[in-house]
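Engineer: Predicted model and sequence below, questions to follow.
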Amino acid sequence: MKKFLNVFLILLAIVALTSCFAVNEVTSIEFTTAPAASYRKDEVVRADSFSVVISFTSGSPLTLKLNDSRLTVTGLDGDKLDTKTHGLKTINISYQGFSVSVSYNVEGQFLTYWKDNILEVDKNKTLEYFEQNGIANESQLAQFAKLVNETPAETAGKSYELLAGATFDLSAHEWDPIIGFQGKIDGNGATIKGLKITDGSDEKTDKGFIGKSLAGAEVKDLTFDGVFINSISDGLYDTNKNYAAVIGHVAGDATVENVTVVNSTIVGHGRIGAIVGMTVTAGTLTIKKSVSINNTFTAVNGYAAKSADGNGDKVAGLVGQAQRPIIIENSKVENVIINGTRDLGGLIGFASMGVTLTGNEVKNTIIQASVPGGMLPSKGTRSIGVLVGTVAGAAAGKVTDLVLGVDDDVNTYEEVTMLAYTLYEEITVTGVLFGGLRAKSNESRNIVIGDKIYQLKSLVLPSAETIAAYADDIAVITSFLLDVYKGNTPSLPAPTELLELTQLQ
């Protein structure tokens with residue numbers, strides 16, 4: 001009997017010990033102090049200048065400096081950042097299976113711009129020359145960008161070709177975004193490699209190869225490899241938005257066709273995508289046969305210390321925010337990591353005024369409301385979707401359409417992971433066709449699936465008191481619509497006090 005009692009007590013102690021470890025699992029790891037966007041070559045920056053905070057299911061968070069032995073850190077040069085050679089550097093920090101990465105750039109010569117490094121032989125070339133003869137090298141590309149920025153109206157209706165199959169290596173200097181472009185760029189299968197924008201001291205919005213395009217802009221047959229955009233200077237209180245490899249801000253009609261963005265990292269405060277950061281003003285954005293692959297897009301909430309929602313929103317594999325009609329056809333997002341606080345999508349983060357999606361694919365992608373930069377717990381995270389993060393209402397008297405291709409034009413998805421940390425009080429809404437709804441009272445939007453049209457109407461404005469019920473209602477509706485999208489014929493969900501779904505056709 002005594003032997004049995006001893007064995008029983010040992011087993012009980014093991015169970016108790018196991019329980020102690022099980023109840024306090026790691027839920028997230030985030031930077032509290034992270035490296036800046038750029039450093040000078042051979043600049044000495046100690047690793048213990050930076051720290052991460054680790055959150056658990058219970059108890060207080062744990063803050064550790066990067067030189068702490070409890071962390072697994074790769075990418076350092078001993079106890080310092082690696083600044084020996086210029087180029088993009090990445091540090092990865094892991095703790096009990098959770099990890100976080102950050103990238104920074106090392107300048108061979110600190111923040112020198114391509115516009116200041118145009119070869120003498122190219123300085124007298126004009127926009128008319130480039131229209132007639134094309135653009136052959138990095139120096140000419142820089143001269144072209146400089147001339148466009150000086151006289152953007154001259155590009156209206158004009159076409160410019162890059163040297164067929166050429167590689168334009170921009171890694172040696174900072175790129176100055178093209179602003180106000182209104183013409184057409186034919187890449188001819190060329191590759192723009194190593195484009196980087198890290199200076200946060202100038203204009204903070206509209207960053208990309210083209211920072212801002214106006215009506216009639218087109219980009220086609222071009223690859224962007226290794227783009228690095230991160231011009232957040234202090235990480236707090238600024239609004240560094242509208243970032244993308246191709247066009248940061250689309251104002252007016254624009255077309256992007258057969259464009260690939262690969263191996264790229266973009267960090268800002270919101271409105272981030274591979275192809276376009278934000279589209280606004282009159283006009284339609286059309287994206288065809290374009291690819292986002294092996295990229296990481298992160299929106300940091302720079303307003304974490306304030307009571308407002310702040311930023312860190314509207315991030316996606318292709319387009320961060322679309323506030324005018326958008327069409328995406330036969331395009332792909334693969335092996336992409338999307339980080340932010342809310343409005344996160346595989347194809348589009350936030351959309352209003354009409355969306356048409358046909359024949360697209362989202363594959364092996366992680367979409368996570370990881371709250372980079374932090375956020376007040378009462379603000380929460382929300383609206384994560386495989387295709388679209390948030391579908392918003394249109395202007396008064398207009399109806400927003402979400403048109404989804406079926407049959408041969410169906411949008412597909414495979415191995416897409418959507419993560420949201422439940423430490424935040426507000427419920428996160430996730431879905432496949434779309435994740436959440438930005439709603440005002442009596443706003444409607446139509447969801448078109450093949451020959452079926454459903455109208456989703458907001459009956460009241462969601463408030464803090466109704467947000468849980470609102471999340472539950474949206475979950476039911478998105479599940480129903482996905483079932484229809486798969487070819488089934490489920491029963492229409494009953495109206496609630498908040499939302500009403502009716503079938504128009």
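Structural biologist: Alright, I've got the coordinates.
Engineer: use CA for all of it now, contacts and neighbours both
Structural biologist: Noted.
Engineer: for residue 483, helix, strand, or coil?
Structural biologist: For residue 483, the assignment made with DSSP: H, G, I helix; E, B strand; the rest coil gives helix.
Engineer: any idea how far the closest residue to it other than its chain neighbours is from residue 479?
Structural biologist: Closest residue in space to residue 483, ignoring its immediate chain neighbours: residue 490 at 6.9 Å, by C-alpha to C-alpha, 6 or more residues apart in numbering. Separation of residue 490 from residue 479 (C-alpha to C-alpha, to the nearest Å) stands at 10 Å.
Engineer: Between the two, point out the one with more neighbours.
Structural biologist: A direct count of neighbours by other C-alpha atoms under 10 Å for residue 490 and residue 479 places residue 479 higher, at 17 against 10.
Engineer: Residue ranges in this protein under the pLDDT threshold?
Structural biologist: Residues of the chain meeting the criterion pLDDT under 70: 1-24, 86-87, 107-110, 200-203, 233-238, 302-310, 371-381, 393-400, 421-428, 461-468.
Engineer: and the residue nearest in space to the middle of it, what helix or strand is that in?
Structural biologist: Nearest residue to the geometric centre of the chain (C-alpha atoms, centre = their mean): residue 315, 3.0 Å. Applying DSSP states H and E as the criterion places residue 315 in strand 313-316.
Engineer: Which elements pack onto that strand?
Structural biologist: strand 270-273, strand 296-299, strand 319-322, strand 337-339, strand 342-345, strand 348-351 (3 or more C-alpha pairs under 8 Å, 6 or more residues apart in numbering; DSSP states H and E).
Engineer: Same list (those) but as CSV, adding distance to residue 32 and mean neighbour count.
Structural biologist: CSV is the format used below for those (distance: least, C-alpha to C-alpha, whole Å; neighbours: other C-alpha atoms under 10 Å):
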stretch, distance to residue 32, mean neighbour count
strand 270-273, 19, 36
strand 296-299, 15, 28
strand 319-322, 25, 32
strand 337-339, 16, 25
strand 342-345, 20, 36
strand 348-351, 25, 34
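Engineer: would you turn the ones you listed into TSV with distance to residue 451?
Structural biologist: Compiled in TSV, these are given as follows (distance: least, C-alpha to C-alpha, whole Å):
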stretch	distance to residue 451
strand 270-273	31
strand 296-299	35
strand 319-322	25
strand 337-339	32
strand 342-345	25
strand 348-351	22
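Engineer: if you go through the stretch 151-300 of the chain in chain order, where are the helices?
Structural biologist: Taking DSSP state H, counting those that start in this stretch, the stretch 151-300 of the chain contains no helices at all.
Engineer: Walk me through the domains of the protein.
Structural biologist: As assigned by automatic domain parsing, the chain contains the domains 23-107, 194-503.
Engineer: okay, these, which one's buried deepest?
Structural biologist: domain 194-503 (a mean of 22; mean count of other C-alpha atoms under 10 Å).
Engineer: Let me see the contact set for residue 35.
Structural biologist: Taking C-alpha atoms under 8 Å, 6 or more residues apart in numbering, we find residue 35 in contact with 50, 102, 103, 104.
Engineer: any chance of those residues in TSV, plus secondary structure and distance to residue 458?
Structural biologist: Below are those laid out as TSV (DSSP: H, G, I helix; E, B strand; the rest coil; distance: C-alpha to C-alpha, whole Å):
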residue	secondary structure	distance to residue 458
50	coil	45
102	strand	40
103	strand	42
104	strand	44
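Engineer: related to what we said a few turns ago, for residue 89, find the nearest of the helices and strands packed on strand 313-316.
Structural biologist: Nearest to residue 89, of all these, is strand 296-299, at 13.9 Å by C-alpha to C-alpha.
Engineer: And the closest one, what does it pack against?
Structural biologist: With contacts defined as 3+ C-alpha pairs under 8 Å, 6+ apart, strand 296-299 has these neighbours: strand 265-268, strand 270-273, strand 313-316, strand 337-339.
Engineer: now those strands as TSV including distance to residue 350?
Structural biologist: Shown next, in TSV, are these (distance: least, C-alpha to C-alpha, whole Å):
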stretch	distance to residue 350
strand 265-268	16
strand 270-273	9
strand 313-316	6
strand 337-339	13
